[in-house]
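**Q** Got a sequence here, can you model it:
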Amino acid sequence: YNQIPLLWKPFYYGSPIMWAMSILETSLYQGAVFEDCDASIPFSQRHCWATGDEYLKHSTSSAAQHLGVFGMFGVCLIYVAFGLLLNIRMIHKAVLNGQV
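**A** Numbers count the residues shown, from 1 in each chain. Coordinates of the predicted model:
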């Protein structure tokens, strides 16, 4: 996330794929402990993540971390609702217009 240029961040936040991947990552890594990384060594001196929360802090956006899983599900539901409304509008405009 930190490598994305500022110009592209609005597209990143607008992507439903980003929200879906953030849900999957958060569900998988939240609360996890990686046994192969020694947590007693300060983070600045090690080249690994000791916990899933450290990994999430560095790999996901701050908005995704703030919202949590249920908030991200809400964002995805907004995308679904918007897509359904567009679909219904097109059906009324192009299919149910009374012309054969």
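
**Q** State the distance from the residue nearest the centre of the chain to residue 75.
**A** Taking CA atoms, centre = their mean, the centroid of the chain lies closest to residue 19, which sits 2.5 Å from it. Separation of residue 19 from residue 75 (CB to CB, to the nearest Å): 5 Å. Bear in mind the C-beta positions are built from the backbone N, C-alpha and C, glycine included.

**Q** Quick one: neighbours of residue 10, just the number.
**A** The number of residues packed near residue 10 is 9, by other CB atoms under 10 Å.

**Q** and the helix ranked longest in the chain, how far from the chain's centre?
**A** Once the chain is assigned using DSSP state H, the helix that runs over the most residues is helix 62-90. Taking CA atoms, centre = their mean, to the nearest Å, one finds helix 62-90 lying 11 Å from the centre of the chain it belongs to.

**Q** Tell me which other helices or strands it touches.
**A** helix 16-29 (3 or more CB pairs under 8 Å, 6 or more residues apart in numbering; DSSP states H and E).

**Q** cutoff 10 Å now
**A** Counting contacts by 3 or more CB pairs under 10 Å, 6 or more residues apart in numbering; DSSP states H and E, helix 62-90 is packed against helix 9-13, helix 16-29, helix 52-59.
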